[in-house]
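Peer 1: sequence and predicted model, in that order:
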Amino acid sequence: MKTMKDYEFWFVVGSQFLYGPEVLETVATRAAEMAAQLNASGRLPCKIVYKTTVKTPEEATETIKAANYDDACAGVITWCHTFSPSKMWLNGLKILQKPYCHLATQYNRSIPDTEIDMDFMNLNQAAHGDREHGFIAARLRTPRKVIAGYWQDADVQKRLGDWMRVAVGVAFSKSLKVMRFGDNMRNVAVTEGDKVGVQEVLGWQVNTWPVGRLVEHINAVTDAEVDALMAEYREKYDIATDNLASVRYQAKEEIAMKKMLDAEGCRAFTNTFEDLYGMEQLPGLASQRLMAAGYGYGGEGDWKVSAMTAVMKAMSEGQTGGTAFMEDYTYELAEGKEYSLGAHMLEVCPSVAAAKPRIEVHPLGIGGKADPARLVFEGRAGAAIVVSLVDMGGRLRLIVQDIECVKPIYAMPNLPVARVMWRAMPDLKTGVECWITAGGAHHTTLSYDVTAEQMRDFARILGIEFVHITKETTVEKLEQELFLNDLAWKLR
Ligand code: MN
């Protein structure tokens, strides 16, 4: 399994032979210098490699063919220091299979007032060259990210770094395998979907393994393995229960599920309380621990939210880690303090915890199994997003809502699960109306790290519908957008 640092991005600069060898040498030297300085900035999650200056159609095509087949290359970043006629790029861009960013920048920040002459203009004409380059991608409808601004500026580097994270998420998505223990919860609609269609578009390989096989693995876990994991639990969490047998059983489940996931190269999994045949407890602590380690999880067989959580965790590798499977549970509707309370039956990822989680054991009203151990905590305050991928029949819709998480306004001492409280944008009532109008699920991925802009980039690269509910959104505008989206997707 590759990590962020295993990927690189190719910096490909456009030019042509018109300007003579001296200009081309300067362009190449500067492009290498820019790549080196961008790498030294500390704002890019992956290395950027200056690859070549494209001067002919053959060079453009050969460079893109090589990028397509290089597994370490997660994306291509282009820029035109000089003018680069774009019919030269057409054949190459037609076959581009990697995420594509057009960095519309220039080598110099300022116009050198007294020194500027036509030689300077011919060497430094990105404003001119980048327009020609941008046209051909627009004409070809090639999905791409355009980032404009001075390449040494922190905000430009940050946006480039954020896009690189998305591109790595796309590479992760295309090789993601999801392990399902049991099917979806009976009769539930929104957790269903076309697995073949999703694999075609997003790359996810979603398959099932028998719960009985998992039970065999659970029963084969040794006391020594459990002892070692219990030591880690004691270090990381407050153990607020005397029922250590329950905690030890969760340790067995964690070890067994991890073994099966790793043996199959799966980075996400699902289970359902309706199919725990032969298991003593619904995995709670066990699923929470695996999520904290970067595995995606979805309850009630929800493989879409599981996979999306895994993708977003991969995108945000090395950041705060605050990305979790979440479920909208209940509302506070008192005027002036309208909030959503999110939680799950057990399985909220401790990566969003505001303080050290407690291990507690409580009965579970659903599922008819022994009392499961789980981590209980409050989510932290801060700006975040919730994300839902729904199957609209023939296409996927990615819905993102901006939210502001707060410290829960009640202590809720009898609530035996982890909880996060937030204010949805633009306000609770409009936000809920928009979310329901768009068909967003009750399950989401909540992230403090991944931004809505990144999810928009993800949707653009993979060619799925994107809906963003922001502080500006109204139900009327959203309905119109969804209506037009329906028409647009019928034409595709
Ligand atoms: Mn659920």
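Peer 2: The structure has been received and is ready for your questions. Numbers count the residues shown, from 1 in each chain.

Peer 1: closest point of the stretch 301-450 of the chain to the ion, which residue?
Peer 2: Glu327 (4.7 Å; CB to the ion). From N, CA and C alone the C-beta is placed, and that goes for glycine too.

Peer 1: please, which helix or strand holds that residue?
Peer 2: strand 323-332 (DSSP states H and E).

Peer 1: ok, which stretches of the stretch 251-400 of the chain are helices?
Peer 2: Assigned by DSSP state H, counting those that start in this stretch, the helices in the stretch 251-400 of the chain fall at 285-292, 303-315.

Peer 1: of those helices, flag the one that's most buried.
Peer 2: helix 303-315 (a mean of 29; mean count of other CB atoms under 10 Å).

Peer 1: now do that helix against helix 285-292, angle only.
Peer 2: 50 degrees (axes from the mean of the first three to the mean of the last three CA atoms, to 10 degrees).

Peer 1: how far away is the residue nearest the centre of the chain from Ala32?
Peer 2: Taking CA atoms, centre = their mean, the centroid of the chain lies closest to Met312, which sits 2.5 Å from it. Using CB to CB, to the nearest Å, Met312 is found at 34 Å from Ala32.

Peer 1: let me have the helices of the stretch 251-400 of the chain in TSV, extended by mean pLDDT and distance to Trp163.
Peer 2: Below are those laid out as TSV (pLDDT from 0 to 100; distance: least, CB to CB, whole Å):
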stretch	mean pLDDT	distance to Trp163
helix 285-292	98	26
helix 303-315	98	10
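
Peer 1: same list (these) but as TSV, adding distance to the ion.
Peer 2: Listed next are the helices of the stretch 251-400 of the chain as TSV, based on distance: least, CB to the ion, whole Å:
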stretch	distance to the ion
helix 285-292	12
helix 303-315	9
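
Peer 1: what would these look like in CSV with distance to Lys195?
Peer 2: Converted to CSV, those look like this (distance: least, CB to CB, whole Å):
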stretch, distance to Lys195
helix 285-292, 21
helix 303-315, 7
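
Peer 1: which one of these lies nearest to Ile464?
Peer 2: For the helices of the stretch 251-400 of the chain, proximity to Ile464 was assessed by CB to CB; helix 303-315 is nearest, at 11.4 Å.

Peer 1: re the thing from before, quick one, the strand holding Glu327 and helix 303-315 angle?
Peer 2: Using the same axes, to 10 degrees: strand 323-332 against helix 303-315 is 120 degrees.

Peer 1: check which helices and strands strand 323-332 sits against.
Peer 2: Judged by 3 or more CB pairs under 8 Å, 6 or more residues apart in numbering; DSSP states H and E, strand 323-332 is in contact with strand 296-298, helix 303-315, strand 339-343, strand 420-424, strand 443-447.

Peer 1: can you say which of those is nearest to Phe483?
Peer 2: So among the helices and strands packed on strand 323-332, strand 420-424 is nearest, using CB to CB, at 22.5 Å.

Peer 1: quick check: next helix or strand after the closest one?
Peer 2: Assigned by DSSP H and E, the successor of strand 420-424 is helix 428-438.

Peer 1: so for that following helix, what gets flagged as buried?
Peer 2: Using 16 or more other CB atoms under 10 Å as the test for burial, helix 428-438 gives Leu428, Thr430, Gly431, Val432, Glu433, Cys434, Trp435, Ala438.

Peer 1: ok, now stretch 15-25?
Peer 2: Under 16+ other CB under 10 Å, the buried positions of stretch 15-25 are Ser15, Gln16, Tyr19, Val23, Leu24.

Peer 1: swap in stretch 90-99?
Peer 2: Quick answer for stretch 90-99 (16+ other CB under 10 Å): Leu90, Gly92, Leu93, Leu96, Lys98, Pro99.

Peer 1: whichever strand or helix holds Gln454: how far from the chain's middle?
Peer 2: Per DSSP H and E: Gln454 is located in helix 452-462. Centre-to-centre, helix 452-462 and its host chain are 9 Å apart (CA atoms, centre = their mean, to the nearest Å).

Peer 1: okay, the angle between the very next helix or strand once past it and helix 452-462?
Peer 2: Per DSSP H and E, the first helix or strand lying C-terminal to helix 452-462 is strand 465-469. Orientation note: strand 465-469 sits at an angle of 170 degrees relative to helix 452-462 (the same axes, to 10 degrees).

Peer 1: list the contacts of the residue of the stretch 1-150 of the chain found nearest the ion.
Peer 2: Evaluated by CB to the ion, the stretch 1-150 of the chain has Met1 as its residue closest to the ion, separated by 27.2 Å. Contact analysis of Met1 by CB atoms under 8 Å, 6 or more residues apart in numbering lists Gly265, Arg267.

Peer 1: again, 10 Å this time
Peer 2: Neighbouring residues of Met1 by CB atoms under 10 Å, 6 or more residues apart in numbering: Phe172, Ser175, Asp262, Gly265, Arg267, Gly294, Ala314.

Peer 1: give the contact list for Ala381.
Peer 2: Ala354, Glu404, Cys405, Val406, Lys407, Pro408, Val420, Met421, Trp422, Tyr448.

Peer 1: how about the residues of the stretch 251-400 of the chain by the ion?
Peer 2: Neighbours of the ion within the stretch 251-400 of the chain, by CB under 5 Å from the ion: Gly299, Glu300, Glu327.

Peer 1: check contacts around the nearest residue in space to the last one that is not next to it in sequence.
Peer 2: Leaving aside its sequence neighbours, Glu327 sits nearest to His344 (CB to CB, 6 or more residues apart in numbering; 4.8 Å). Residues in contact with His344 (CB under 10 Å, 6+ apart) are 284, 287-288, 297-300, 324-327, 329, 374, 417-419, 443.

Peer 1: can you rerun that using 7 Å?
Peer 2: Gly299, Phe325, Glu327, Val417 (CB atoms under 7 Å, 6 or more residues apart in numbering).

Peer 1: Pro408 versus that one, what's the distance?
Peer 2: Distance from His344 to Pro408, by CB to CB: 15 Å.

Peer 1: Ala438 too?
Peer 2: Relative to Pro408, and taking CB to CB, Ala438 is found at 26 Å.

Peer 1: nearest residue to Arg397 in space, please, no chain neighbours.
Peer 2: Looking at Arg397 with CB to CB, 6+ apart, the closest residue is Glu465, at 4.5 Å.

Peer 1: same check, this time on Met315
Peer 2: That would be Gly169: by CB to CB, 6+ apart, it lies 3.7 Å from Met315.

Peer 1: which strand or helix spans the one you found?
Peer 2: Assigned by DSSP H and E, Gly169 falls in helix 154-174.

Peer 1: count of neighbours near the closest residue to the ion within the stretch 151-300 of the chain?
Peer 2: Nearest to the ion in the stretch 151-300 of the chain, going by CB to the ion, is Gly299, at a distance of 4.2 Å. Using other CB atoms under 10 Å, Gly299 has 22 other residues around it.
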